[in-house]
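Engineer: coords below, sequence missing:
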């Protein structure tokens with residue numbers, strides 16, 4: 001009886017390990033899915049600013065935001081993440097990556113080495129970006145200065161330092177379909193929704209998260225604690241912005257000035273530095289979509 005129990009336990013453990021391994025295999029985008037494409041560097045630059053790439057990947061404490069050597073420390077409840085080198089350096093950055101590897105990283109959260117990326121890298125939003133746009137962004141990034149130097153590893157306690165477990169996280173929280181346009185809405189609204197859900201990754205900061213660090217869908221855009229632990233990020237649904245006009249929202253994205261003659265603060269200052277470089281049409285598109293968000297009360301404000 002004891003021998004049978006031992007055998008059954010061993011078999012169950014093996015089956016469990018095999019199931020875990022199969023369920024957590026990192027997904028990739030094969031090169032065969034990519035056809036011919038002529039890069040649009042102007043579009044790539046627009047996406048670079050829409051995505052705020054330099055805000056995280058630029059080398060800290062230096063004025064040139066095109067030096068994407070990484071190194072910024074991102075504190076979280078799960079440990080400290082260090083933003084990697086995203087410059088076109090072939091050894092320490094992404095200079096040796098293929099287009100397929102770049103698209104895989106941003107849409108599947110998988111590295112060229114076949115490992116899961118932590119969702120501190122917001123591929124949960126970037127997966128909504130179209131492949132052609134990502135190819136344009138990749139082409140633009142390759143025009144920036146290469147920066148040598150590999151960033152240190154993340155400082156994460158057990159069990160968060162086991163990357164393979166992120167495969168289960170993705171099964172739970174990355175299973176939905178990427179954003180799709182709404183034919184009942186205007187082209188401007190759809191452009192704004194695409195920028196907000198995709199490159200702008202606005203929900204990553206403007207939403208509360210559950211115990212596993214995933215955005216709570218029902219409270220998306222209702223605000224939450226600041227990612228760096230300093231203060232909070234406001235609700236941007238009509239619960240908070242009902243008195244703002246589309247022009248007001250677009251104005252904040254351009255110069256940081258609110259309708260009540262105040263200025264944005266905290267991490268929004270860095271966001272505004274990027275959105276101010278977008279075309280006026282894209283700022284208006286973002287504002288049009290944000291003004292359409294129905295009023296949802298933030299969890300923190302509920303009694």
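Structural biologist: Sure, I can see it. In this text the structure is predicted, and so the values were computed from the model without any measurement.
Engineer: so, low pLDDT: which residues of the stretch 151-300 of the chain?
Structural biologist: 227-231, 300 (pLDDT under 70).
Engineer: run through the helices of it in chain order.
Structural biologist: 166-173, 187-197, 238-241, 246-255, 268-275, 280-291 (DSSP state H, counting those that start in this stretch).
Engineer: in CSV: these, plus mean neighbour count and distance to residue 153.
Structural biologist: C-beta: built from backbone N, CA, C; applies to glycine. Listed next are those as CSV, based on neighbours: other C-beta atoms under 10 Å; distance: least, C-beta to C-beta, whole Å:
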stretch, mean neighbour count, distance to residue 153
helix 166-173, 16, 15
helix 187-197, 20, 31
helix 238-241, 18, 38
helix 246-255, 19, 35
helix 268-275, 18, 25
helix 280-291, 21, 35
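Engineer: possible to save those as CSV with distance to residue 93?
Structural biologist: Putting these into CSV (distance: least, C-beta to C-beta, whole Å) gives the following:
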stretch, distance to residue 93
helix 166-173, 23
helix 187-197, 26
helix 238-241, 38
helix 246-255, 29
helix 268-275, 20
helix 280-291, 27
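Engineer: any idea how far apart the tips of stretch 235-252 sit?
Structural biologist: Terminal residues of stretch 235-252 are spaced 15 Å apart (C-alpha to C-alpha, to the nearest Å).
Engineer: my bad, stretch 196-208
Structural biologist: So stretch 196-208: terminal residues 16 Å apart, C-alpha to C-alpha.
Engineer: which residues sit against it?
Structural biologist: 47, 50-52, 122, 124-126, 128-129, 133, 137, 179, 215-216, 219-227, 233-236, 267, 286, 289-290, 298-300 (C-beta atoms under 8 Å, 6 or more residues apart in numbering).
Engineer: do you know the pLDDT at residue 111?
Structural biologist: In this prediction, residue 111 carries a pLDDT score of 96.
Engineer: let me see the contact set for residue 226.
Structural biologist: 205, 232, 233, 266, 267.
Engineer: hmm, back to that, ok, of the contacts of stretch 196-208, which come out buried?
Structural biologist: Applying 16 or more other C-beta atoms under 10 Å to the contacts of stretch 196-208, the neighbour count classes 47, 50-52, 122, 124-126, 128-129, 133, 137, 179, 215, 219-224, 227, 233-236, 267, 286, 289-290, 298 as buried.
Engineer: picking up where we left off before, what about the contacts of residue 226, which are in strands?
Structural biologist: 232, 233 (DSSP state E).
Engineer: in strands, which of the buried ones among the contacts of stretch 196-208 appear?
Structural biologist: Secondary structure from DSSP E places 224, 233 of the buried ones among the contacts of stretch 196-208 in strands.
Engineer: out of the helices of the stretch 151-300 of the chain, the one nearest residue 69 is which?
Structural biologist: The minimum distance between residue 69 and those falls on helix 268-275, with 17.2 Å, by C-beta to C-beta.
Engineer: contacting residues for the residue most central in space within the chain?
Structural biologist: What sits nearest the mean C-alpha location of the chain, by C-alpha atoms, centre = their mean, is residue 122, with 2.1 Å. Residue 122 makes contacts with 201, 204, as judged by C-beta under 8 Å, 6+ apart.
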